[in-house]
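Enquirer: One predicted model, sequence on top.
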Amino acid sequence: DVQLQASGGGLVQAGGSLRLSCKASGFTFDDYAIGWFRWGSAKGRYGISCISYSDGVTYYEDSVKGRFTISRDRAKNTAYLQMNSLKPEDTAVYYCKAYRIGRPTYWGQGTQVTVSS
């Protein structure tokens, strides 16, 4: 079975850190780019970061640039989102997605991140 399992969310105070994990199984993780999305109350679901499948090129949405770091561990079939200097506006449900043009897209279940002020 194909699975993409997101975890690592929780409650943290403003200024704190969390590391989200996105573990893949049932498909070739190395062949897919990984994206992190979040769904907050105001903007709906939107992408905040991604990492390519081939050369590790990364992208960050402006609101998280300099605070969040995306990475992937091919040996563990897992991608990570290190989130530092968290703000209350980072509160959202976070999702990971595995995608590549011409192949099925896989979504993980959401993990809740709540940042208290």
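Expert: Perfect, thanks for sending it. Residues are numbered from 1 along each chain as shown.
Enquirer: so who does the closest residue to Gly9 other than its chain neighbours touch?
Expert: Spatial nearest neighbour of Gly9, chain neighbours left out: Thr111 (3.5 Å); criterion: CB to CB, 6 or more residues apart in numbering. Quick note: C-beta positions are derived from backbone N, CA and C, even for glycine. Thr111 sits next to 6-9, 20, 93-95 when contact means CB atoms under 8 Å, 6 or more residues apart in numbering.
Enquirer: List the neighbouring strands of the helix or strand containing Arg72 plus their orientation.
Expert: Under the criterion of DSSP states H and E, Arg72 resides in strand 68-73. The pairing partners recorded for strand 68-73 under DSSP bridges are strand 78-83 (antiparallel).
Enquirer: can you list contacts of the partner strand?
Expert: Strand 78-83 is contacted from outside by 17-24, 34, 36, 49, 51, 64, 67-73, 90, 94, 96, 113, using CB under 8 Å, 6+ apart.
Enquirer: Stretch 34-42 now?
Expert: So stretch 34-42 is contacted by 20, 22, 45-51, 53, 70, 72, 79, 81, 89-99, 110, 113 (CB under 8 Å, 6+ apart).
Enquirer: The residues you listed, buried ones only, as a PyMOL selection?
Expert: Selection of buried members from the contacts of stretch 34-42 for PyMOL, criterion 16 or more other CB atoms under 10 Å:
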select buried, resi 20+22+48+49+50+51+53+70+72+79+81+90+91+92+93+94+95+96+97+98+110+113
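Enquirer: coming back round to it: let me have the contacts of Thr111 in CSV, extended by pLDDT, distance to Ser117 and secondary structure.
Expert: As requested, these are exported to CSV (pLDDT from 0 to 100; distance: CB to CB, whole Å; DSSP: H, G, I helix; E, B strand; the rest coil):
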residue, pLDDT, distance to Ser117, secondary structure
Ala6, 95, 25, strand
Ser7, 97, 25, strand
Gly8, 98, 21, coil
Gly9, 97, 18, coil
Leu20, 98, 21, strand
Val93, 96, 19, strand
Tyr94, 97, 19, strand
Tyr95, 97, 24, strand
